[in-house]
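Engineer: coordinates only, no sequence provided:
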């Protein structure tokens with residue numbers, strides 16, 4: 001196995017991407033929708049963006065960005081092809097790394113597979129301004145690692161009680177490993193900013209009530225517009241492109257503005273190298 005200390009090529013640029021992890025509690029709350037549309041919004045402003053679909057067994061980022069699987073992720077894991085051969089260009093110009101659809105059965109993201117992916121991403125992360133990681137539902141071991149080390153953690157939820165309870169569990173569990181963690185909250189499927197604010201206040205009050213040592217902020221919201229969301233998914237065109245003047249596109253642009261306004265100086269140690277060291 002490759003020695004971890006040898007994973008960074010000699011002479012590699014110390015500049016690296018901003019790593020944005022997008023997580024949440026239960027499935028179906030809009031993680032992938034936010035990941036893809038936010039990535040396209042950033043790319044449209046001249047930033048180089050890679051979206052990494054970390055939900056290996058159930059990759060679906062490519063479906064929203066109109067990418068058909070035509071390369072073998074399995075061949076990459078075997079070391080037969082470089083990571084660049086499995087990264088594809090999606091609608092809006094963003095790059096996508098996803099497992100594809102050729103797996104007949106699910107496989108475990110064990111240490112060997114994890115090290116292969118992260119070692120390869122370590123070598124290329126300096127080629128991007130942003131790497132957006134679309135995580136699995138809940139708080140898996142991998143999600144926990146990502147949340148602990150990412151530059152920014154965006155957690156998305158909806159007003160439904162089940163989604164809020166699961167979000168609280170994610171915040172509580174993640175914070176138990178690292179006091180003072182910062183989470184940027186995005187509320188999906190709300191009526192307006194007042195509705196989003198009320199939902200966020202419930203989350204903040206619950207976290208405070210139980211003494212969880214974390215920092216929360218209302219990072220943005222996405223209004224309910226099921227008709228246009230379904231149309232965007234069916235046409236496989238991000239809503240920021242399909243309905244550029246619509247309310248949801250404006251919500252995504254506001255989130256992108258907030259993200260660009262809060263990105264500080266990037267750490268010199270490659271993000272994925274840090275994951276390997278843990």
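Structural biologist: Right, received. Where do you want to start? Predicted model only: the values in this text are computed from it and were never measured. Numbers count the residues shown, from 1 in each chain.
Engineer: so where do the strands sit in the protein?
Structural biologist: 18-24, 49-53, 87-89, 95-97, 130-134, 152-157, 181-190, 214-223 (DSSP state E).
Engineer: what average pLDDT does the fourth one get?
Structural biologist: Taken as a whole, strand 95-97 has an average pLDDT of 94.
Engineer: and that strand, what does it pack against?
Structural biologist: Identification of packing neighbours for strand 95-97 by 3 or more Cβ pairs under 8 Å, 6 or more residues apart in numbering; DSSP states H and E yields strand 49-53, strand 87-89. Backbone N, C-alpha and C define where each C-beta goes, glycine included.
Engineer: strand partners (parallel or antiparallel) of the longest one?
Structural biologist: Based on DSSP bridges, the pairing partners of strand 49-53 within the sheet are strand 95-97 (parallel), strand 130-134 (parallel).
Engineer: just those: most buried one?
Structural biologist: Greatest average neighbour count among those goes to strand 130-134 (a mean of 26), per mean count of other Cβ atoms under 10 Å.
Engineer: who touches that one?
Structural biologist: 17-22, 31-32, 35-36, 38-39, 42, 47-55, 61, 121, 125, 146, 150, 271 (Cβ atoms under 8 Å, 6 or more residues apart in numbering).
Engineer: hang on, the earlier thing: turn the strands of the chain into a markdown table, including distance to residue 141.
Structural biologist: Rendered in a markdown table, the data for the strands of the chain read as follows (distance: least, Cβ to Cβ, whole Å):
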| stretch | distance to residue 141 |
| --- | --- |
| strand 18-24 | 13 |
| strand 49-53 | 17 |
| strand 87-89 | 25 |
| strand 95-97 | 20 |
| strand 130-134 | 14 |
| strand 152-157 | 16 |
| strand 181-190 | 17 |
| strand 214-223 | 19 |
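Engineer: out of these, flag the one nearest residue 201.
Structural biologist: The stretch from those with the least distance to residue 201 (Cβ to Cβ) is strand 214-223; that distance is 8.7 Å.
Engineer: by how many degrees do that closest one and strand 181-190 diverge?
Structural biologist: For strand 214-223 and strand 181-190, the angle between their directions (axes from the mean of the first three to the mean of the last three Cα atoms, to 10 degrees) works out to 20 degrees.
Engineer: kind regards, and thank you for your time.
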